[in-house]
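Q: Let's see this in three dimensions:
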Amino acid sequence: RSIPQSKVCSAPRISAEIDAGTPAADASTPVSCNCCSETYQYYTLPFCLPKDGKQYVTEDLGEVLEGDRLVNTPYSLKFLEDVENQVLCSKKLDAKDLQKLRKAIAQDYYFQMFFDDDLPVWGFVGKIEPRKGPDGKQELHYYLFTHFHFDIAFNGNQVVELNVSTTAGADPKKTRDITSGDSADVEFSYSVSWRPTTVLFDDRMDRYTRFSFLPQHLEIHWFSIINSCVTVLLLTGFLTTILLRVLKNDFMKYTHDDEKGEQEDETGWKYLHGDVFRFPHNINLFSAMVGAGTQILVIALCVFGLALVGTFYPYNRGAMLSACVVLYALTAGISGYVSGVWYKMMGGRQWVSNVLLVSVLFCGPLLAVFSVLNTIAWVQGSTQALPFGTICIIIIIWALVTFPLTVLGGIAGKNSKEEFNAPCRTTKFPREVPPLPWYREAPAQMVMAGFLPFSAIYIELYYIFATIWGHKLFTIYSILFIVFLILIVVTAFITVALTYFQLAAEDHRWWWRSFLCGGSTALFILGYCFFYYHYRSEMHGILQTSFFFGYNAIVCFAFFLMLGSIGWRASLLFVRSIYKAIKCE
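A: Alright, predicted model coming up:
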């Protein structure tokens, strides 16, 4: 059987899916090419309806979250049966229909179809061509494609490749000028041709992987990695050499002073031993952010693991979103446990408050942004608006899985036997922090801490954005994983270096500072969002703009929590190490 299914999106895109026998159209794919976040039902435009009516395809959670709403189309593709010119229907288009089509053509709306549930194919609704008017001036004419030609390749009894042509290959005369007029009689038709191929069925998705990044793009990826590695090695090597030399001199000086018993003015990081392990203010929020950041790091590593074993093959629709939802639910206990352990070690007593805070720290802002964006999508009639049933399923997953696991993790953390065991005893009263120049304050330190990690990943950001907000495939997860590891290493190192300089300036308030410096790369990523929106994309309108900045803000918040927890843990390990190496009275 063959059921083509399709959807329409904006940049605009219309997508259709075809099972064996009849093509089907996804009822919620964009029909344009600026941004895949604006998607609409396939039959939003006045296309021919199936004789038996529309039949929607049951989809999984990830496909619904991506905005897919697959529905059948009247195209009938029977195995090895060529079709010369099959009329779908004749429609009388009124002024409203023509206005919709002109808008779709002007904004490059396109359809996307799927054959046998996974083979994708794309085609534009129409085209714009300049023509000379009666006065000799150039005028834009809108042409609607009324005929589509399906070219299908098979190997044995299996379909391997599917292409659709609208002008070349199809009859170029079967385009209708709809530039003017309030009504038009249009006849829609299609043709089908079958041809054998030597490509194996198991390799039928390779061409999408091959075309997702051209050879020159792959070279850019490797150049980006080499550039990042060289930059990181040079800078980290330089800072490491300086840091180790300075620490060596410090250790020799402090050891010499201790052996001679000389009483000198207290300067340097050694003399903060009574304050350096003093817990930060607002331990409830701090421990919750560490717990949430640790959970997000685990989720990222799990997603990379699934990607590297080939789970997210091309056009496995919604697989990554489904994986993220499931992993977030199943790893909720990690955030609860980590937050509970550190809250206990810092002397916290309000356990209920801590569990509730870590439960909503990330999903709370996500829910707020989603509510606003879903309302906008619903008002605009986009399929990006989640159905009520899907929203209920997500709420049930959170209520029955995520929240209980967070509570169990918090209880386990509360009852754990772990203790902080600082190498130095903390004094009763905090040491006064001397006046510091502006470049040693938190904002300036965050700028310095975020720039180096961002410089290591900014080239890959373009391809990631093009994948999420454009129409490209990202299939070289190995390169992305290497860049992710570089990001973690650089974040940890630069945060440790800044923590040392902060302690050397006799400022013992490193707990929050190390978290903020570690997560500051997220601010640079957020700034890149504005650059990409204005200079690298053609997005426009309230729906595309709100989705782009709304969900990117949530992603940046996730990066802030994850990298902040990494920077703080690296700084904690560093501080413990240097204070264990000296004698503390």
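Q: Now for the closest residue to G340 other than its chain neighbours, which secondary structure element holds it?
A: Spatial nearest neighbour of G340, excluding adjacent residues (C-beta to C-beta, 6 or more residues apart in numbering): G413 at 2.3 Å. From N, CA and C alone the C-beta is placed, and that goes for glycine too. G413 is part of helix 403-414 when elements are defined by DSSP states H and E.
Q: Once you drop chain neighbours, what's closest to D94?
A: In space, and not counting its chain neighbours, D94 is closest to S183: 5.6 Å by C-beta to C-beta, 6+ apart.
Q: still on that earlier bit, and the residue nearest to G340, what is it in contact with?
A: G336, Y337, V338, S339, G340, V341, W342, Y343, K344 (C-beta atoms under 8 Å, 6 or more residues apart in numbering).
Q: show me the contacts for the residue nearest to D94.
A: Counted by C-beta under 8 Å, 6+ apart, S183 has contacts K92, L93, D94, A95, L98.
Q: State the pLDDT value of the closest residue to the second one other than its chain neighbours.
A: Setting aside the residues directly before and after it, L93 is nearest to A184 in space (C-beta to C-beta, 6+ apart), at 4.7 Å. A184 is assigned a predicted lDDT (pLDDT) of 90.
Q: and A184, how many neighbours does it have?
A: 18 (other C-beta atoms under 10 Å).
Q: Provide the backbone phi and psi angles at it.
A: The phi and psi values for A184, taken as degrees, to the nearest 10, are phi -160, psi 140.
Q: Next, the contact list for it, please.
A: K92, L93, L98, R176, I178.
Q: One more: P130?
A: By C-beta under 8 Å, 6+ apart, the contact set of P130 is Q138, E139, L140, H141.
Q: Pull out the buried positions in the helix or strand encompassing I482.
A: In the assignment (DSSP H and E), I482 maps to helix 477-504. For helix 477-504, the neighbour count (16 or more other C-beta atoms under 10 Å) marks 477, 479-484, 486-504 as buried.
Q: Also stretch 341-349?
A: Of all the residues in stretch 341-349, those buried under the rule 16+ other C-beta under 10 Å are V341, W342, Y343, K344, M345, G348.
Q: Next one: the fifth one from V355, what distance?
A: Applying C-beta to C-beta, to the nearest Å, the value for M345 to V355 is 16 Å.
Q: try the first one
A: Distance, V341 to V355, using C-beta to C-beta: 13 Å.
Q: Kindly report the same for the fourth one.
A: Between K344 and V355 the computed distance is 12 Å (C-beta to C-beta).
Q: How about the last one?
A: Spatial separation of G348 from V355 under the definition C-beta to C-beta is 11 Å.
Q: dump the residue contacts of D82.
A: S191, V192, S193, W194.
Q: where's D97, which helix or strand?
A: Element membership of D97 [criterion: DSSP H and E] is helix 95-106.
Q: Put the buried members of the contacts of A184 into a ChimeraX selection.
A: Selection of buried members from those for ChimeraX, criterion 16+ other C-beta under 10 Å:
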select :93,98,176,178
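Q: Go through the contacts of A184 and say which is closest to T467.
A: Nearest to T467 among these is I178, at 33.9 Å by C-beta to C-beta.
Q: quick one: S193 is in a helix?
A: No - counting by DSSP: H, G, I helix; E, B strand; the rest coil, S193 falls outside a helix, being strand.
Q: my read: it touches L162, true?
A: No - judged on C-beta atoms under 8 Å, S193 makes no contact with L162 at a distance of 11.3 Å.
Q: Please identify which of the two sits among more neighbours.
A: Neighbours per residue (other C-beta under 10 Å) separate S193 from L162, with L162 holding more: 22 against 14.
Q: all strands of the protein, in order?
A: 5-10, 13-18, 23-26, 38-40, 70-72, 83-93, 110-115, 119-124, 126-132, 138-145, 147-155, 158-165, 175-177, 184-196 (DSSP state E).
Q: which residues sit in contact with Y458?
A: Contacts of Y458 by C-beta under 8 Å, 6+ apart are F524, Y528.
Q: what bits of the stretch 251-400 of the chain have low per-residue confidence?
A: 251-268, 314-315 (pLDDT under 70).
Q: which residues in it form helices?
A: Secondary structure of the stretch 251-400 of the chain by DSSP state H, counting those that start in this stretch: the helices cover 283-308, 319-330, 332-345, 351-360, 363-380, 388-397.
Q: can you list the weak-confidence ranges in the stretch 1-150 of the chain?
A: In the stretch 1-150 of the chain, residues with pLDDT under 70: 1-37, 117.
Q: again, only this time at 80
A: Across the stretch 1-150 of the chain, the ranges flagged by pLDDT under 80 are 1-38, 67, 115-118, 132-136.
Q: ok so, going back, list the residues that contact both of S193 and L162?
A: Listed as contacting both S193 and L162 by C-beta under 8 Å, 6+ apart are F150, D151, I152.
Q: Go ahead and confirm the last one touches V159.
A: Translated: I152. Yes - using C-beta under 8 Å, I152 makes contact with V159 at a distance of 6.1 Å.
Q: ok so, going back, in TSV: the strands of the chain, plus distance to E441.
A: What follows is the strands of the chain, written out as TSV (distance: least, C-beta to C-beta, whole Å):
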stretch	distance to E441
strand 5-10	45
strand 13-18	48
strand 23-26	52
strand 38-40	42
strand 70-72	54
strand 83-93	65
strand 110-115	51
strand 119-124	52
strand 126-132	55
strand 138-145	56
strand 147-155	63
strand 158-165	59
strand 175-177	64
strand 184-196	66
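Q: Ok, which of these comes nearest A522?
A: Proximity to A522 (C-beta to C-beta) singles out strand 38-40 among the strands of the chain, at 25.8 Å.
Q: From the contact counts, what lies against the closest one?
A: For strand 38-40, the helices and strands in contact under the criterion 3 or more C-beta pairs under 8 Å, 6 or more residues apart in numbering; DSSP states H and E are strand 5-10, helix 541-580.
Q: contacting residues for W194?
A: F79, L80, E81, D82, I152, A153, F154.
Q: so how far is V199 from the fourth one?
A: Going back to what we said before, that points to D82. From D82 to V199 the distance is 20 Å (C-beta to C-beta).
Q: how about I525, what does it touch?
A: I525 neighbours (C-beta under 8 Å, 6+ apart): F454, L461, V555, C556, F559.
Q: wait, the first one sits on F524?
A: Yes - counting by C-beta under 8 Å, F454 sits close enough to F524 to count as a contact (3.8 Å).
Q: separation between the residue nearest to L93 and G318?
A: To G318, A184 is 38 Å away according to C-beta to C-beta.
Q: coming back round to it: including distance to R131, could the contacts of W194 go into TSV?
A: Formatted as TSV, the contacts of W194 follow (distance: C-beta to C-beta, whole Å):
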residue	distance to R131
F79	42
L80	41
E81	39
D82	35
I152	35
A153	37
F154	41
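Q: which among those end up buried?
A: Going by neighbour count (16+ other C-beta under 10 Å), those have I152, A153, F154 buried.
Q: partners of the last one in the sheet?
A: With DSSP bridges applied, the residues forming beta bridges to F154 are V159, P196.
Q: Ok, M113 next?
A: With DSSP bridges as the rule, M113 is bridged to S6, V121.
Q: how many neighbours does it have?
A: Quick note: M113 (other C-beta under 10 Å) scores 31 neighbours.
Q: Over to G364?
A: By the criterion of other C-beta under 10 Å, G364 has 11 neighbours.
Q: That one: what's it in contact with?
A: Neighbours of G364 in contact, by C-beta under 8 Å, 6+ apart: none.
Q: can you check the one 10 residues further on too?
A: N374 is in contact with Q384, A385, L386, I391, counting by C-beta under 8 Å, 6+ apart.
Q: List the contacts of the second one.
A: Contact partners of A385, counting by C-beta under 8 Å, 6+ apart, are N374, A377, W378.
Q: could you dump those to JSON lines with distance to M446?
A: Listed next are the contacts of A385 as JSON lines, based on distance: C-beta to C-beta, whole Å:
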{"residue": "N374", "distance to M446": "33"}
{"residue": "A377", "distance to M446": "34"}
{"residue": "W378", "distance to M446": "38"}
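Q: Pairing partners for the nearest residue in space to L140 that is not next to it in sequence in the sheet, please.
A: Setting aside the residues directly before and after it, L140 is nearest to I128 in space (C-beta to C-beta, 6+ apart), at 5.4 Å. Beta-bridge partners for I128, by DSSP bridges, are Y142.
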